[in-house]
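> A predicted structure for the sequence below; I have some questions about it.
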Amino acid sequence: MIAACTTRQSESPTGQAVQTVRLAELVGGLSYALDLTEGLPPGHATRCCWIGMHIAKEIQLPEQQFSDLYYTLLLKDAGCSSNAARVFELYANDDRAIKRDYASVNNRSFVALAKFVIGHLAPEAPLVEKLRRFALLAMRGEKIQSDLVAARCQRGSDIALEMGFSPETAAAIEALGEYWDGRGRPRGLKGTDIPMNSRIALLAQVVEVFWSLGGPQEALACAQERSGTWFDPNLVRALQLAAAKPGFWQHLASRELSTRVARLEPVNRVIIADEARCDVIARAFARVIDAKSPFTFGHSTRVARYADAIARQLGMQPKNRRWLRRAALLHDIGKLGISNALLDKPGKLTPAEYAKIKEHSRLSGEILCRIPLFREFADIGRSHHERLDGKGYPLGLQGEQINLETRIVTVADIFDALTAERPYRGALPVREALALMAKDRGIALDPECLDALHAVLPSLNV
Ligand SMILES: [Fe+2]
Ligand SMILES: [Fe+2]
């Protein structure tokens, strides 16, 4: 469980300027959201970073490649949200559970693959529908899997570039699905044609998955078994040497791992997250969030634009508006931890399903709390579905307990939700959306924020 935040909701944030925050801390914190999307235990990417950097030390990777590898390991799953909807569409099942369980399947074994597909396919569908889906996967599985890997790796690579990381980091993420023997995806690269950092990241991520499932013995056995097929044999030997050193596995399991991993960033290449870099990271991460579902495409970016316009209309200072934009971009980060089986469900949600969707705001708060620089956003993430009358969630806060910044994001969020297409209804015209929101004026929604939205609408070109 992620630690609770200490910020009090009723207090407005300070919008303090960024001082000397290391980019490693920022990206390391955000990587927890990527773990959720993959259905993997929190800290997966951080542990991969620990494993991969130790392998790199054993092979004496040239110093200039260390920094590229460090961010490859933390951001290797940056594209994972882009294929979540497709995974749900194929399996009609929780995309996170499928991704989590697939991570430990031996995809060279037809029996293992068939067992996996049968065990995960459309649990609630009639037999004939299951058979139809099974036949599709059996006939076109290779192409489908290749497309899924390509979409994810290409998107991850693009996100790394957008965030300002090196072309080497982006290239390593792009080739993460390639195997040593040339039977990987999507390009079938072989041996040393695969970037070194991709080979290290692949080994580190599989070792982490098996370590999480069965401890060090399982992890080392899997590495040995797949040496020469999935993995570069030299790297497997390096892993064995690193793993034999005191503290390697103990630190992997320790609560202080994040701090230790932050210290692994090469000291002479430490990147400081200045104001401009923070904006870039928040914008790029908003695209990761919005890629989770076709129905949230562009949502976070639009909410940030609307929230900024409302804040400007209310006379908020530029430095606070900059802060608010970042918070609005990340308000739904918890959606990365929600199954597409719920986010993309075309029909009405059951009460139990709706309760699970509501979890996203609590998750947003928890993820943002992990990141020192974004901790002040945590309240907005957690509370953007609260209502002035106390009937919102997750805490049922009322009136003054909800700060102005959160009220602004709530109005912007609802306006975009109403005017965008949803799985269960089409987009509403602006006039209709405003009429619906007017019914909640002073009840759920802040009247001043609503007035400000009305005032700025002409400039928003909605
Ligand atoms: Fe939300
Ligand atoms: Fe939202």
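That came through, no problem. None of the values given here were measured: they were computed from a predicted structure. Ligands and ions are numbered 1, 2, ... in the order given.
> element containing L161?
For L161, the host element (DSSP states H and E) is helix 127-162.
> Show me what that helix is packed up against.
helix 63-75, helix 84-91, helix 110-120, helix 167-174, helix 275-290 (3 or more C-beta pairs under 8 Å, 6 or more residues apart in numbering; DSSP states H and E). In this view, the C-beta of every residue, glycine as well, is placed from N, C-alpha and C.
> Pull the residues that contact the second one.
Think helix 84-91. Helix 84-91 is contacted by residues 37, 94-96, 98-99, 120-122, 133, 136-137, 144, 147-148, 151, 291-294, 339-341, 344 when judged by C-beta atoms under 8 Å, 6 or more residues apart in numbering.
> So among those, which ones count as buried?
The neighbour-count criterion (16 or more other C-beta atoms under 10 Å) marks 37, 94-96, 98-99, 120-122, 133, 137, 148, 151, 291-293, 339-341, 344 among those as buried.
> near ligand 2 too, which of the contacts of helix 84-91?
Subset of the contacts of helix 84-91 in contact with ligand 2: empty, counting by C-beta under 5 Å from the ion.
> of all of the stretch 201-350 of the chain, which residue lies closest to ligand 2?
Proximity of the stretch 201-350 of the chain to ligand 2 (C-beta to the ion) peaks at D332, 4.2 Å away.
> OK, contacts around that residue?
I289, T296, H299, S300, V303, H360, S364, G381, H384.
> Run the chain-centre distance for stretch 92-108.
Distance of stretch 92-108 from the chain centroid (C-alpha atoms, centre = their mean, to the nearest Å) equals 17 Å.
> Contacts for it, please.
So stretch 92-108 is contacted by 36-40, 80, 84-85, 87-88, 91, 112-113, 116, 119-125, 129, 133, 145, 183, 205-206, 209-210, 213, 229, 337, 339-341 (C-beta under 8 Å, 6+ apart).
> Only the buried residues of it, if you could.
92-100, 102-104, 107.
> if you look at those residues, which of them are in helices?
D95, R96, A97, I98, K99, R100, Y102 (DSSP state H).
> Need these in CSV (columns: distance to Q398 and pLDDT).
Below are those laid out as CSV (distance: C-beta to C-beta, whole Å; pLDDT from 0 to 100):
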residue, distance to Q398, pLDDT
D95, 36, 89
R96, 34, 90
A97, 37, 90
I98, 40, 88
K99, 39, 85
R100, 38, 89
Y102, 44, 86
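> Can you convert these into CSV and add a column each for distance to C222?
Shown next, in CSV, are these (distance: C-beta to C-beta, whole Å):
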residue, distance to C222
D95, 24
R96, 22
A97, 20
I98, 20
K99, 18
R100, 16
Y102, 14
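> Return the closest of these with respect to A435.
Closest approach to A435 among these (C-beta to C-beta): D95, at 35.7 Å.
> how near is that closest one to W180?
According to C-beta to C-beta, to the nearest Å, D95 stands 28 Å off from W180.
> again with L324
Note on L324: its distance to W180, by C-beta to C-beta, is 48 Å.
> for A355, same thing?
Applying C-beta to C-beta to A355 and W180 gives a distance of 45 Å.
> out of these two, which sits in the busier spot?
Neighbour count, other C-beta atoms under 10 Å: between A355 and W180, W180 has more, with 25 against 11.
> In the stretch 251-400 of the chain, what residue spans correspond to helices?
Using DSSP state H, counting those that start in this stretch, the helices found in the stretch 251-400 of the chain span residues 257-263, 275-290, 299-313, 318-329, 340-343, 351-369, 378-383.
> Kindly export the shortest one (C-alpha atoms) in PDB.
Same thing as helix 340-343. What follows is helix 340-343, C-alpha atoms only, in PDB (Å, rounded to 0.1, in the frame of the first residue of the first chain):
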ATOM      1  CA  ASN A 340     -10.500  -1.500 -19.400                       C
ATOM      2  CA  ALA A 341     -13.200  -4.100 -18.800                       C
ATOM      3  CA  LEU A 342     -14.800  -1.300 -16.700                       C
ATOM      4  CA  LEU A 343     -13.400   1.800 -18.400                       C
END
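> residues making contact with that helix?
Helix 340-343 has contacts (C-beta under 8 Å, 6+ apart) with 84-85, 87-88, 92-95, 292-293, 295-296, 335, 349, 353, 356-357, 423.
> try the last one
Here helix 378-383 makes contact (C-beta under 8 Å, 6+ apart) with 5, 7-9, 13, 327-328, 330-334, 361-362, 364-369, 392, 394-395, 397, 402-403, 405-406, 409.
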